[in-house]
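**Q** here you go, sequence then predicted model.
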Amino acid sequence: MLTPKSKFIFSVVVASGLLLVPFADAQKSTDVLPAPVPAQITRGKTVFISNAGGDTGNLYSGGPDRLYNQFYAAIRGWGRYQLVAGPGDADLVFAISFSNQFVGDKDPGPHTDPQFRLTVLDPGTRVTLWTFTEHVQFAMLQAIETETSIKPSPPW
């Protein structure tokens, strides 16, 4: 007779196997074409940049608006989009945020997972069209501390 613990372990193993079968089959297929980039992104001319905030934990210089200010300047300097004063005047909304999520406590101290996140929204429908999350390594953070700008390089 199976104990409750054995039943649980058996259930997890079976469920895991059933969940992984479609992925294993998908990896064999080389016929899968990449999904298209939403047309709003490729056709968009005007952008409103939203400061979606975040939590720096006071670990980085420049205050809570630093990422927003640097990103705004980078997009303005790039010249790909015309920046507008409000979302109602924009073809796209870029919501930029920074988070520094706690992931564990190890010596010599707490470990975090700092992330930049850019969410591209359709301002008319408020539907998320694309999201980028960049996990930032400590060495990269040190370089960013000394950099004065962010250089955009989206896939479109």
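**A** Sure, I can see it.
**Q** biggest strand in this structure, by residue count?
**A** Longest strand in the chain by number of residues (criterion: DSSP state E): strand 92-106.
**Q** what residues of the helix or strand following it count as buried?
**A** Downstream of strand 92-106, the first helix or strand assigned by DSSP states H and E is strand 109-121. For strand 109-121, a neighbour-count test (16 or more other Cβ atoms under 10 Å) marks 112, 114, 116-121 as buried. C-beta: built from backbone N, CA, C; applies to glycine.
**Q** measure residue 49 to residue 94 for me?
**A** Using Cβ to Cβ, to the nearest Å, residue 49 is found at 5 Å from residue 94.
**Q** give me the common contacts of the two.
**A** Common contacts of residue 49 and residue 94 (Cβ atoms under 8 Å, 6 or more residues apart in numbering): 71, 75.
**Q** give me the more crowded residue out of these two.
**A** Between residue 49 and residue 94, counted using other Cβ atoms under 10 Å, residue 94 has the larger neighbour count: 24 against 21.
**Q** related to what we said a few turns ago, let me have the buried residues of strand 109-121 in TSV, extended by pLDDT and distance to residue 34.
**A** Output for those, formatted as TSV (pLDDT from 0 to 100; distance: Cβ to Cβ, whole Å):
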residue	pLDDT	distance to residue 34
112	74	33
114	80	29
116	85	24
117	89	22
118	93	20
119	95	20
120	97	17
121	97	22
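**Q** show me which of those residues is closest to residue 43.
**A** residue 120 (12.7 Å; Cβ to Cβ).
**Q** where does this protein have low pLDDT?
**A** 1-29, 55-62, 101-102, 106-110, 138-156 (pLDDT under 70).
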